[in-house]
Structure formats: C-alpha cells, structure tokens
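S.K.: sequence and predicted structure below; questions after.
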Amino acid sequence: MLATEAPPATTLSPHHLRSGIAAWLGWFFDGLDMHLFTLVAMAFVAELMGTQESDPAVARNASFIQAAFLIGWAIGGAFFGRIGDIVGRSRALVLTILTYAGFTGLSYFAQSWEQLTACRFLSALGIGGEWAVGAALLAESWPKTWRPWIAATLQSAVNFGILLACFAGNLNAGHDPRNVFLVGLLPAFVTLWIRRAVPETEEWTTARKDRVLPGISELFSPAVRSTTWRVLVICAVSLTAHWSFMFWQTKHITSLPEIHLLPKVGKDHAIVIGLIWLSVGSLFGNYLAGALAKLLGYRTAIAAMLAAYGILMIITFSTPWSWQATKLLFAALGACQGAFGLFTMCLPPLFPVLLRTTGAGFCYNAGRIFAAAGTVFFGIFNTVDDVSRALLYAGFLFIPATLITLLLPLEKSSPIPSPATL
C-alpha cells in the first residue's frame, strides 16, 4: 500500500461512521457560525451604532467583538474540554453545539454592539468546546491509520461550513446584515440525532471506571508540562497570525483599487468571493496535509505548512496585487491552513486519556486569547491603508511557530506520554 493511501473502508464499523459523521457535522456548523459575523462585521456594527461603515469607531468596535469571540472560544475550549473529560465525549458534544447554535441565532435580535458582543462571546464558548470534544471523540474511536485522513475530512467540514456562510452572505447582499445569523440556528437540530446514535468511546468509559479524575493542574505536572508549554506557544503564535489574516482580509479586499470604488453590493460580493477562494484552497490543503502527515509524520507536516503559510503571507502583503492575483494568493493561503486540521489528531493523543479534552482544549484555545489581542491591536492602530502592512508583520509570527513545532514529541504508540519521552 502506498504511504498516502488510506486503508479500505471495510475496516470501519458503524460506530466509527456515526462518530465521524457527528464530529463532521459539529465542525461543519463551527465553520458556518464562526464566519457569519466576519462577512457582515462592518455593516452590522455600523447599523447598530447608527453610523457609516467608514467611521473609525466601527472598525474599532468590530475588532472588540471579534476579540470577545476569540476569548470566548478560548474559555469554551477549556471549559467544555473539562466537561468532556467528566461527562463523556458524546454528551459534551451535544452541549457545545446547542450553545453555539442558540447564541448565534440570538445575535439576530441584538440592538446594540454591546449586545452583539455578548452573543458572539457566548456562542464562541460552544465553538471552542466542540473542537476539543470532537477531536478527542475521533482520536479515541478511529483507527490510527485513518487519523490523517479523518483530520483532513474534519477540517474540510469547516470549509463547507464557510461556503454555506458565503452562500447565506451572498443571498443577503444588500439586505439587513442581521439576517444571516438566523442560519446559525440549524445546528441545534443535529443534536437530537447525536444524542441517540453516538455512544461514549470505550477508551473514555474504561479510563473513567474507578479512576479519580486528574485536576487541571496535572497539565503542568512533570510528566506532561513540557508538551503543554510547547503546544501552548505553538497555538498562541500561529493562531494570532492566522486570525489576524482571517478577520482583516475582508478589509484588505475592500481597499483594493478595483474594489474600493464599487457600491456596497459589489463590495459585499467581493468579500464573499475572497472567502470562497480561501475555502476552496483550504479544502485542497486539508488533504495535502493528510498526505504529508502520512509521508513525514504530524510534526514535520505541520511545521512545513506553517512555514509555507508565513512565506505566502509575506508575499501577499509585501507588495500591491491585482484583484485577480489576490484571489489566487488567497487560495494558496487557504491551502496552508490544512496545518490546523492536523492539530485535531496530533494534539489529543499527547495527553493522558482523562486529561485529553482538557489538555487539547486548553492549549489549542489559549491561542485565541493572543489572537484576540492581535485583532484588537490591528483594529485600533491601523487604518485601511495600513491593513496590508499589519498582515505582513503578522506573517512573520509563523517563523517561531514553525521552529517550536519541530520540538514537539513524536507520536507514540501509547496515547499517554511518559516522563522519559517528554
């Protein structure tokens, strides 16, 4: 069998498929909910403030809302990660989806930017938690040889969710921006099937029997702390650069000469098109990442893709490009985002079973705190003309992220790291 060839589907049981579908749907609606605001941020905040999108206060407040979202994501990853270790993966998955679906829908009713901030923060609790819980669910239930491919497939679910957000945004172009948040209620209906069809993993059930749940402080015990700190730094640095790009790329698009003078409908359409190019490129990149992981291992594959992400950001924002060239560069940048798909299967097995969703959720989502700070920084200290320069500087953050990734432990046959190997 070739190194990049997946094992036959006959090796998968109905339980594998159900857990895979449940996690895929969770990721799909993650992608939908997390990008609905990105598409309408300036227009909706301007509407809530009763001013024009060109008002500097709109960009500042929009950045605060996005920062609150990222902070909620981080807190939700840690909180629901802990819940997943206590009550099990399936139950926690249902709770996370209900949380982000409900509060995304409530965003429609916001009457001020402060109310919208609260809704985005609370919806992010569920989105951050869903990543940690879903990753552990599949790491414990799917065969090891399948994991690079299931990581790619899960990340593709986010891209399809983004495409659905783009579709909703395109349908809503020129209309009240708040309408798009009603689409965010759809995930709630999925939880009815998950609760009935997806049992708890055998690995969690066995580990939980007659075992005292370790405290969160165990993440910094001698046996685990080396991995915890490395993963924390990698996630913090790489996600700061990534989310600076993902949030401010819409403003970069509207500042392009071909787009800047278009009417609002034309600008809305260009923003959607840019996100589509990103998403399509990311779909390809997810499976490229899976192939690289099979050939090189998770550690080297993640490092290579983070390095490529940084190089392409520097190329994209160091010089002016046409709208056509920008779309192609966005597709290439999207392909590099496959690195984050590999985090799904790489990070959870580095932690003991009863710290798995706690550790993966805490470390991965702590990066959102730093990403939130970066988003606010660019929102306060950069004008439209400076966005490209800010994103250029953000690209350099991938250099330390790449170097520290090369220091991660190699994947071990046992999911529980021992002090000797850390």
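M.R.: Yep, that arrived.
S.K.: show me the shaky parts of the stretch 101-250 of the chain.
M.R.: Applying pLDDT under 70 to the stretch 101-250 of the chain picks out residues 195, 210-213.
S.K.: what number of residues lie near the closest residue to Val353 other than its chain neighbours?
M.R.: Leaving aside its chain neighbours, Val353 sits nearest to Ala207 (4.1 Å; criterion: CB to CB, 6 or more residues apart in numbering). Glycine gets a C-beta too; all of them are placed from N, C-alpha and C. Residues within reach of Ala207, counting by other CB atoms under 10 Å, total 19.
S.K.: which parts of the strand or helix carrying Ala207 are buried?
M.R.: In this assignment (DSSP states H and E), Ala207 forms part of helix 202-208. Under the neighbour-count criterion of 16 or more other CB atoms under 10 Å, helix 202-208 has 203-204, 207-208 buried.
S.K.: just the CA atoms of the one helix or strand Val387 maps to, as PDB, please.
M.R.: Element membership for Val387 (DSSP H and E) is helix 387-395. Written as PDB, here are the backbone C-alpha positions of helix 387-395 (Å, rounded to 0.1, in the frame of the first residue of the first chain):
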ATOM      1  CA  VAL A 387      -4.000  46.700   7.000                       C
ATOM      2  CA  SER A 388      -1.600  45.100   4.400                       C
ATOM      3  CA  ARG A 389       1.400  46.200   6.500                       C
ATOM      4  CA  ALA A 390      -0.100  44.800   9.600                       C
ATOM      5  CA  LEU A 391      -0.800  41.500   7.900                       C
ATOM      6  CA  LEU A 392       2.700  41.500   6.500                       C
ATOM      7  CA  TYR A 393       4.100  41.700  10.100                       C
ATOM      8  CA  ALA A 394       1.600  39.000  11.200                       C
ATOM      9  CA  GLY A 395       3.100  36.600   8.700                       C
END
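S.K.: what count of nearby residues applies to the residue lying closest to Ile314 once chain neighbours are set aside?
M.R.: Excluding the flanking residues, the one nearest Ile314 by CB to CB, 6+ apart is Gly395, at 4.5 Å. Applying other CB under 10 Å, we find 22 residues neighbouring Gly395.
S.K.: let me see the contact set for Gly395.
M.R.: 241, 309-314, 316-317 (CB atoms under 8 Å, 6 or more residues apart in numbering).
S.K.: now tell me what touches whichever strand or helix holds Thr344 from outside.
M.R.: According to DSSP H and E, Thr344 maps onto helix 338-346. Contacting residues not belonging to helix 338-346 are listed as 131, 134-135, 138-139, 147-148, 150-152, 154-156, 235, 238, 242, 282, 285-290, 293, 298-299, 301-302, 305-306, 309, 364, 408, 411 [CB under 8 Å, 6+ apart].
S.K.: now stretch 89-97
M.R.: Under CB under 8 Å, 6+ apart, the answer for stretch 89-97 is 22-23, 26, 29, 76, 80, 83-84, 126-127, 129-130, 133-134, 136-137, 140, 187-188, 190-191, 194-195, 198-201, 204, 357.
S.K.: just the buried members of those residues?
M.R.: 22-23, 26, 29, 76, 80, 83-84, 126-127, 129-130, 133-134, 136-137, 140, 187-188, 190-191, 194, 198, 200-201, 204, 357.
S.K.: which parts of the helix holding Val387 are buried?
M.R.: 387-388, 390-395.
S.K.: so how far is Thr250 from Pro349?
M.R.: From Pro349 over to Thr250 the distance is 36 Å, taken as CB to CB, to the nearest Å.
S.K.: how about Phe80: what's its closest non-neighbour residue?
M.R.: Gly129 (2.4 Å).
S.K.: likewise Trp24?
M.R.: The nearest residue in space to Trp24 (CB to CB, 6+ apart) is Ala157, at 4.6 Å.
S.K.: spit out the contact partners of that neighbour.
M.R.: Contacts of Ala157 by CB under 8 Å, 6+ apart are 24-28, 30-31.
S.K.: against Ile194, how distant is it?
M.R.: 14 Å.
S.K.: how far away is Asn286 from Val158?
M.R.: Computed as CB to CB, the Asn286 to Val158 distance reads 9 Å.
S.K.: swap that for Met313, sorry
M.R.: Distance from Met313 to Val158, by CB to CB: 20 Å.
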